[in-house]
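**Student:** Quick one: sequence and predicted model below, then my questions.
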Amino acid sequence: MSTFVLVHGAYHGAWCWHKVVPELEARGHDVVAFDLPAHGIDMIPFGDVSFEDYVERVCEAVRTPDESVTLVGHSMAGMVITQVAERCPDEIGTLVYLTAYLPPDDESMIDQRVEGSLISESFVADEARGVGVIADDKLEGLFYADCSASDVALARALVRPEPLEPLSAPVSISEGRFETVRRVYVRCGNDRAITIEQQRAMIEDRGCDLTLTLPASHSPFLSMPIETAETLIAAGK
């Protein structure tokens, strides 16, 4: 059996995995899910958070188990797990990009956003606070298009602003470290935040050892948790 380390994306917290964690555990796997700094119930001030803080928190999580882990990153967390794989490749058996950003060397998440995409059109920067948010009237359609009303209500209650600094920090990766780690991309065919076209382009450009697909929007952990858990297990084999 495997240990899965689940890393949430921007605005979210460990809460977003609350349906997937028991599904993985019921199938005999260990699961680690936690809040990145200034997300979920982590109360570090937004202005004190850097991309390096995200990376170090995930590094701590992958170094704890006695075995190599399946490291899963959703959306923005694709940037984070990419840098973590450069930092500690020996601790990771498989990287799983769950409809996530898969960056080349020396690019940031902001560099990955496609001009004219829905997420670019919906993003609002609050420079004074040092955070970005998704416009309230765009949130459901962008992230939770196929989710139940109760899931949308939960998300609206728990999403938080995203610190700006981590979004503009580039990754630094190399062939000798990051490139040695097996990576799997899980596409979400109905995603409106990172479109299927953008997902395909990243896979083609950066390369993956395996590609899997879910018929979901941007948040399959809420809309189809059983299928998501089973796909993550398949990815980690």
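**Tutor:** On my side now, so go ahead. All values reported here derive from a predicted model rather than from experimental measurement.
**Student:** Can you give me the neighbour number for residue 222?
**Tutor:** Other residues near residue 222 come to 25 when the count uses other CB atoms under 10 Å. All C-beta spots, glycine's among them, are computed from the backbone N, C-alpha and C.
**Student:** contacting residues for it?
**Tutor:** By CB atoms under 8 Å, 6 or more residues apart in numbering, residue 222 lies in contact with 16, 19, 144, 147-148, 151, 155.
**Student:** which among those residues end up buried?
**Tutor:** With neighbours counted by 16 or more other CB atoms under 10 Å, the contacts of residue 222 contain buried members at 16, 19, 144, 147, 151, 155.
**Student:** State the pair within the contacts of residue 222 that is farthest apart.
**Tutor:** 16 and 148 (14.1 Å; CB to CB).
**Student:** which residue of this structure sits farthest from its center?
**Tutor:** For the chain, the largest distance from the centre (CA atoms, centre = their mean) belongs to residue 128, which lies 26.0 Å off.
**Student:** doesn't residue 161 make contact with residue 126?
**Tutor:** Yes: Residue 126 lies in contact with residue 161 (CB atoms under 8 Å); the separation is 7.1 Å.
**Student:** who's more crowded, those two?
**Tutor:** Shown here are residue 126 and residue 161; by other CB under 10 Å, residue 161 has more neighbours (18 against 12).
**Student:** With adjacent residues omitted, what lies nearest to that one?
**Tutor:** Spatial nearest neighbour of residue 161, excluding adjacent residues (CB to CB, 6 or more residues apart in numbering): residue 131 at 3.6 Å.
**Student:** The one you found is in contact with residue 164, isn't it?
**Tutor:** Yes: contact criterion CB under 8 Å: residue 131 and residue 164 qualify, at 6.1 Å.
**Student:** and for those two, which residues touch both?
**Tutor:** Each of residue 125 lies in contact with both residue 131 and residue 164 under the rule CB under 8 Å, 6+ apart.
**Student:** could you list every residue that touches the residue positioned nearest the centre of the chain?
**Tutor:** In the chain, the centroid-proximal residue (CA atoms, centre = their mean) is residue 74; its distance is 1.9 Å. Taking CB under 8 Å, 6+ apart, we find residue 74 in contact with 6-9, 12, 16, 98-100, 221.
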